[in-house]
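> Model the following, please.
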Amino acid sequence: MLVDGSMLLLTAWIRGVKARPLRVLAAAAIGAVYVVLMLFPPLSFLFTVVVKVAISLAMLLVAFGLQDTRSFLRYIGAFYAVNFVAAGAVLGIHYLLLSGSDEVWNTMRFLQNGISAELEMGAWFVICVVCIGLYLLKSVVAGRRQKELVLTHLAEVTVIIGDTEYRCIGLVDTGNQLYDPLSRTPVMVMEASLWEDDIPPGWMKGIRECQTDRLVAGLGEDEFKWQDRIRLVPYRGINKGTQFMLAIKPDGVVIEREGIRSESSKVLIGLDGGKLVADGSYRAIIHPSLVENRAG
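This next block holds a predicted model:
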């Protein structure tokens, strides 16, 4: 029941539906009873493919019901995919743990019309490996979903200062509510490394070491050509209280997303000294209000 229940719950998660515990429990009980019945020789006909498919369909009907044919077919596909991954994990780890070729050959029997494989595995081994396989499958699917979610929120960013333009890919973050408290200007965060050619080394070091307030106070040794555009934006860091981010006032920002062009001149560019994401898929965090200002 534990294995069947886990597979049904993962099927529901993959399909993006909320499983009902009692229905999943009843469906898992059907699978458990079926396994017990197969142990009796007079009921060997239950081991046929037709009966196996019928039992699996019955489990899915009990667990999720029948809303429409297309939806049910997707449940079937997800359920069998989960089962195949679990079975593959059991076989893969079983053969991985075999210490020599003799042990591998001992699991095989050569018959007149083919090869027969005999596997000896304990119940706890099967349960543990199935759980590991299901966990890995869930992790892979979750990672893929997260990646797809990020991709749907990416946009091309162009920051304009005088005759200079800075371009990168940015992420539209609806949770980004960072404003300059005095002017209520939205702040878009960008990696400072994008500006490295125009920011003096001393300033870059101060940004990376979170000493931006000291730079603005005049302790920076290098002159910055855009010093008249500099602002300090307070924000609350994780377990660090109030901190300050160095921001620059650009002439304008252009954001292009899904064929829609948005422009804004009321914006500050906050400079982050690190990497916003390890894989570099985006290098700016776009304030949601900036994508609302569509160009005419």
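> where does Tyr282 fall, helix, sheet strand or coil?
coil (DSSP: H, G, I helix; E, B strand; the rest coil).
> which stretch of helix or strand covers the residue nearest to the spatial centre of the chain?
Geometric centre of the chain, nearest residue: Gln146, 2.7 Å, by C-alpha atoms, centre = their mean. Take DSSP states H and E as the rule and Gln146 turns out to sit in helix 123-151.
> helices or strands up against that helix?
helix 2-15, helix 69-96 (3 or more C-beta pairs under 8 Å, 6 or more residues apart in numbering; DSSP states H and E). Backbone N, C-alpha and C define where each C-beta goes, glycine included.
> That helix versus helix 69-96: what angle between them?
Using axes from the mean of the first three to the mean of the last three C-alpha atoms, to 10 degrees, the direction of helix 123-151 lies 130 degrees away from that of helix 69-96.
> Could you check the angle helix 123-151 makes with helix 2-15?
Going by the same axes, to 10 degrees, helix 123-151 makes 10 degrees with helix 2-15.
> Which among the helices and strands packed on helix 123-151 is found nearest to Val253?
With C-beta to C-beta, the closest approach to Val253 among these belongs to helix 2-15: 38.9 Å.
> pLDDT (mean, whole number) over that closest one?
Average pLDDT, helix 2-15: 85.
> after that helix comes which helix or strand?
helix 21-37.
> In that following helix, which residues are buried?
Under the neighbour-count criterion of 16 or more other C-beta atoms under 10 Å, helix 21-37 has Arg23, Val24, Ala27, Ala28, Ile30, Gly31, Tyr34 buried.
> Check the third one and give its pLDDT.
The model reports Ala27 with a pLDDT of 91.
> ok, now which ones touch it?
The neighbours of Ala27, taking C-beta atoms under 8 Å, 6 or more residues apart in numbering as the test, are Asp4, Gly5, Leu8, Ala58, Met59, Leu60, Val62, Ala63.
> do the fifth one as well
Neighbouring residues of Ile30 by C-beta under 8 Å, 6+ apart: Ile55, Ala58, Met59, Val62.
> and those residues, which are buried?
Using 16+ other C-beta under 10 Å as the threshold, Ile55, Met59, Val62 are the buried ones among the contacts of Ile30.
> Reformat these as CSV; add secondary structure.
Shown next, in CSV, are the buried ones among the contacts of Ile30 (three-state DSSP):
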residue, secondary structure
Ile55, helix
Met59, helix
Val62, helix
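> Would you tell me which one of these comes nearest to Ala284?
Lowest distance from Ala284 to the buried ones among the contacts of Ile30 (C-beta to C-beta) belongs to Met59, with 47.8 Å.
> what residues are up against the closest one?
So Met59 contacts Asp4, Leu8, Ala27, Ala28, Ile30, Gly31, Phe79 (C-beta under 8 Å, 6+ apart).
> Tell me which two of the contacts of Ala27 sit farthest apart.
Among these, the pair separated by the greatest distance (C-beta to C-beta) is Gly5 and Ala58, at 15.1 Å.
> CSV please, covering the helices and strands packed on helix 123-151 and showing mean neighbour count and distance to Lys275.
Output for the helices and strands packed on helix 123-151, formatted as CSV (neighbours: other C-beta atoms under 10 Å; distance: least, C-beta to C-beta, whole Å):
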stretch, mean neighbour count, distance to Lys275
helix 2-15, 20, 31
helix 69-96, 15, 33
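> Including distance to Glu165, could those go into TSV?
Compiled in TSV, these are given as follows (distance: least, C-beta to C-beta, whole Å):
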stretch	distance to Glu165
helix 2-15	43
helix 69-96	46
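> buried sites along stretch 202-211?
So for stretch 202-211, counting by 16+ other C-beta under 10 Å, buried means Trp203, Met204, Lys205, Gly206, Ile207, Cys210, Gln211.
> so where's the stretch 101-250 of the chain uncertain?
101-123, 125, 149-151, 213, 216-222, 237-241 (pLDDT under 70).
> can you map out the helices along it?
101-106, 123-151, 201-208, 212-214 (DSSP state H, counting those that start in this stretch).
> my guess is Leu276 meets Leu194, correct?
No. In this structure, Leu276 is not within contact of Leu194 by C-beta atoms under 8 Å, at 10.6 Å.
> Overlap in contacts, these two.
By C-beta under 8 Å, 6+ apart, the residues touching both Leu276 and Leu194 are Arg283.
> The closest residue to Ala89 other than its chain neighbours: what's it in contact with?
Spatial nearest neighbour of Ala89, excluding adjacent residues (C-beta to C-beta, 6 or more residues apart in numbering): Gly133 at 2.9 Å. Neighbour list for Gly133: Val85, Ala86, Gly88, Ala89, Val90 [criterion: C-beta under 8 Å, 6+ apart].
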